[in-house]
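> below is the structure, and that's it, no one-letter string:
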């Protein structure tokens, strides 16, 4: 590369994305599906070459002393590539949301008014480590008719460049502008600062990564950000819960995987059911090596179990992402809702109950992006919700809330059909 | 008032709003309707006292040398009050949107997933001069189950205080928390700076006022802002347009009122129809004293009309809000769409045409909040769109686009109903 400045580089990418977005917005459903199927084919045909590019990233990571679990996340194995290809084909097969018209109604003046779903325009995606996010973001951009500027982690730069080249070739295969998906080719950190601050070229930023990254982006962004900071999720076991179901759900919500943001971090138990329930779930947690940070009452009921420690005020707000859970007794659904609305990160919270009115109140009053009855919090996910794919999860209340799929990357504009009506 | 600081004052209002918003979110439809009907009654019964409070604002405004049209905007006449009261009754009669559940579908895992409409929480409204906005904002807050902090213009402070007292009494009549609607009681400008920067208490800011105010707020805000900056709206007369309809629509779109943001500021005319159309609309404009800022071709076709002047590049971007219109000839729908997407403020743009494919392309490709076929741009308005009321118009693509009514003040959260399903 010549001595072009990062600022010039980002301006060029921005202008190219803006131009491509106009073409993508009017692209037909067939062309977008063709690009996605072509991308799937190109991915499957490139397992070998991708492995070579990926090897350079892995070598650099190991040389830099990255821990092996972090190195694992960088790997573009044949299985990861196959999953990416399947995702593209699934998106290709989904109905095209763009151009959908909803709510068309005639008004007293005679005009008919409705809303048309259109792409947002250009989104900037900033992410860390896993290179398959490059394909997820690119395929969602294509399906939703947006242009995207992708900024992956520096540790995956070689893999990302190779993947982005496949995406651009697939766009050309379908007669679409290759600049609809552009990867920032430099690992210069200033590129991020510029990407989030050019509203003339970028309509929204979607960060995926650690809290530090997301806080930095929120602070510097001059455009809207679809973000989630924390996943401090709760499961509340109501007095009327089915005990077996409660044990199964809480176990799954905590231990099926420890690292996802939708894992339960806080367990609330109605006082009336606690003596029957807590020893059972305590035995499950003890067997799996889960540390239980308990209030005094819960600790008393769990006496004798290993790994029971006293909770501090800080524990109620904590996102552990680890084999640790906070446990607290509450009077009932009122106290549970109050606790959750105070301490939850408003990501996902669940009630286990057989009481219809408690279920209804919990659904209505818990102020979180996903609220569940008798289901594991681990279901809070774009694929499990039937969105087809997920670009991220939003804990904001604005625009998109919860798992964000194609619709979150679109906007509704008003359309008006008249026969010459004028305003009186 | 004692010597409480503006910061303390705003924090108190914020904490009170946040507490009230939880009550409002679970308030029943009947209670909200009762509060709105009670507010209507109280307004009608208070014409006399309101006039006295209003007189103090008017006196101050005249003493400060405010121009009479500006003084007019401050007036709380019996007619203005009656319109406010009717607005409250109309909102009371509308269906309650809160708690609506949409898109409930079963997923392969067995869970059922849908979305529930819930209030955003707390909105801050910042507006200038017209005191009736206090009632519009308060009534929309009540209906949508939000809490609101209102910051009106200092010139209307006495009227606003009297109106806010009626709102709070009406809330209490219905058993709702009076802090659901709070007026900032000071005219200290620091209050605005604090209001837009307390995300712990305020979820969204809605500014209504001049471009300077909105730019300041966008710059300082630490929470999302629903805003519109400019209304540079266009009407494009296609070659296939019905000539009579085109004259009627363009006349109405420009001259029915000059000051609204949805008035047409730019006229584009297909070259093929220009010789037939331009002299006719030119005569209408000339008779009404509208200045025509024309490109060379349009000027030639309007030769002989008074008030025809040469347009500069600047004219294509201008929001005149005055008896001035820019006029430019274009080849056809492609050039019209390009011009609009380049120069429009993305508020409202219309095509006059009898060509079906041109109409469809214009609807789909023009990237504005409202896109119209054969209707006056003056229709871009919450009442005309059947929203019942309007808190503002958004030219952003995010969350709410175009006229913002009750739905724009709500958010959709995911709800999941299971029977003990766990993630595999």
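Done, it's in. Small disclaimer: the values here were computed from a predicted structure and weren't measured.
> buried set for whichever strand or helix holds residue A:357?
Assessed by DSSP states H and E, residue A:357 sits inside helix A:356-365. For helix A:356-365, burial by neighbour count (16 or more other CB atoms under 10 Å in any protein chain shown) applies to A:358, A:359, A:361, A:362, A:363, A:364, A:365. From N, CA and C alone the C-beta is placed, and that goes for glycine too.
> would you enumerate the residues in contact with the second one?
Residues counted as contacts of residue A:359 (CB atoms under 8 Å, 6 or more residues apart in numbering or on different chains) are A:351, A:353, A:373, A:374.
> at 7 Å what do you get?
By CB atoms under 7 Å, 6 or more residues apart in numbering or on different chains, residue A:359 lies in contact with A:351, A:353, A:373.
> filter the residues you listed down to the ones in helices?
Among these, DSSP state H puts none in helices.
> any chance of the residues you listed in a markdown table, with pLDDT too?
Compiled in a markdown table, those are given as follows (pLDDT from 0 to 100):
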| residue | pLDDT |
| --- | --- |
| A:351 | 98 |
| A:353 | 98 |
| A:373 | 98 |
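> of the residues you listed, which is the most crowded?
residue A:351 (27 neighbours; other CB atoms under 10 Å in any protein chain shown).
> what residues does the stretch 101-250 of chain A have near chain B?
Contacts of the stretch 101-250 of chain A with chain B, taken as CB under 7 Å from any CB of the partner chain, map to A:105, A:107, A:109, A:111, A:113, A:116, A:120-121, A:203-204, A:224, A:245, A:248-249.
> show the residue spans covered by the helices in the stretch 151-300 of chain A.
Applying DSSP state H, counting those that start in this stretch to the stretch 151-300 of chain A gives helices spanning A:157-173, A:190-195, A:211-220, A:243-255, A:274-288, A:296-301.
> now the longest one: buried residues?
Meaning helix A:157-173. Residues of helix A:157-173 classed as buried: A:157-168, A:170-171, A:173 (neighbour count, 16+ other CB under 10 Å).
> closest one to residue A:334 out of the residues you listed, please.
Using CB to CB, residue A:160 comes nearest to residue A:334 of these, at 49.3 Å.
> list the residues that contact the nearest residue to the closest one once chain neighbours are set aside.
Leaving out its chain neighbours, the residue that sits closest to residue A:160 by CB to CB, 6 or more residues apart in numbering or on different chains is residue A:152, at 4.2 Å. Each residue near residue A:152 by CB under 7 Å, 6+ apart is listed here: A:127, A:131, A:133, A:134, A:160, A:183.
> residue ranges with poor pLDDT in chain A?
For chain A, applying pLDDT under 70 flags the ranges A:1-3.
> longest strand of it, counting residues only.
strand A:410-421 (DSSP state E).
> mind checking how far that one is from the chain centre?
Chain-centre distance of strand A:410-421: 32 Å, with CA atoms, centre = their mean, to the nearest Å.
> gap between residue A:327 and residue A:279?
To residue A:279, residue A:327 is 12 Å away according to CB to CB, to the nearest Å.
> again, but for residue A:368
Noted for residue A:368: a distance of 29 Å to residue A:279, by CB to CB.
> the two: which is more packed in?
The neighbour count for residue A:368 versus residue A:279, taken as other CB under 10 Å, is higher for residue A:368 (24 against 14).
> next secondary structure element downstream of the helix ranked longest in chain A?
Taking DSSP H as the criterion, chain A has its longest helix at helix A:6-25. Sequence-wise, the next helix or strand downstream of helix A:6-25 (DSSP H and E) is helix A:29-45.
> can you tell me the closest non-neighbouring residue to the residue of the stretch 251-400 of chain A found nearest chain B?
When scored by CB to the nearest CB, the stretch 251-400 of chain A has residue A:375 as its residue closest to chain B, at 2.9 Å. Counting by CB to CB, 6+ apart, residue A:375 lies nearest to residue B:418, which is 2.9 Å off, once chain neighbours are set aside.
> next up, the contacts around that neighbour.
Going by CB under 7 Å, 6+ apart, the list of residues near residue B:418 reads A:372, A:373, A:374, A:375, B:110, B:111.
> those, buried ones only, as a PyMOL selection?
Here is the PyMOL command that selects only those of the contacts of residue B:418 that count as buried (16+ other CB under 10 Å):
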select buried, (chain A and resi 372+373+374+375) or (chain B and resi 111)
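> filter the contacts of residue B:418 down to just the ones in strands.
Of the positions in the contacts of residue B:418, A:372, A:373, A:374, A:375 sit in strands, assigned by DSSP E.
> contacting residues around the helix or strand containing residue A:336?
Assigned by DSSP H and E, residue A:336 falls within helix A:333-343. Residues outside helix A:333-343 that contact it (CB under 7 Å, 6+ apart): A:232, A:234, A:236, A:238, A:268, A:316-317, A:330, A:349, A:358, A:361-362, A:365-367.
> redo that, cut-off 6 Å
Applying CB atoms under 6 Å, 6 or more residues apart in numbering or on different chains, the contact partners of helix A:333-343 are A:234, A:236, A:268, A:316, A:317, A:330, A:349, A:358, A:361, A:365, A:366, A:367.
> the fourth one looks like it's in a strand, true?
No: secondary structure of residue A:316, determined by DSSP: H, G, I helix; E, B strand; the rest coil: helix, with no strand assignment.
> which residue packs closest to it, ignoring adjacent ones?
Nearest non-adjacent residue to residue A:316, counting by CB to CB, 6+ apart: residue A:343, 4.3 Å away.
> sheet-wise, list the partners of the longest strand of chain A with their directions.
strand A:112-119 (antiparallel), strand B:370-375 (parallel) (DSSP bridges).
> can I get those in JSON lines including distance to residue A:52?
Output for the strands paired with strand A:410-421, formatted as JSON lines (distance: least, CB to CB, whole Å):
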{"stretch": "strand A:112-119", "distance to residue A:52": "35"}
{"stretch": "strand B:370-375", "distance to residue A:52": "49"}
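> and those: which comes nearest residue B:47?
Among the strands paired with strand A:410-421, strand A:112-119 comes nearest to residue B:47, with 34.5 Å by CB to CB.
> now tell me what touches the next helix or strand after that closest one from outside.
Next helix or strand after strand A:112-119 toward the C-terminus (DSSP H and E): strand A:122-127. The contact list for strand A:122-127, computed with CB under 6 Å, 6+ apart, reads A:17-18, A:21, A:133, A:137, A:146-152, A:195, A:202-209.
> quick one: strand A:122-127 to helix A:6-25, angle?
120 degrees (axes from the mean of the first three to the mean of the last three CA atoms, to 10 degrees).
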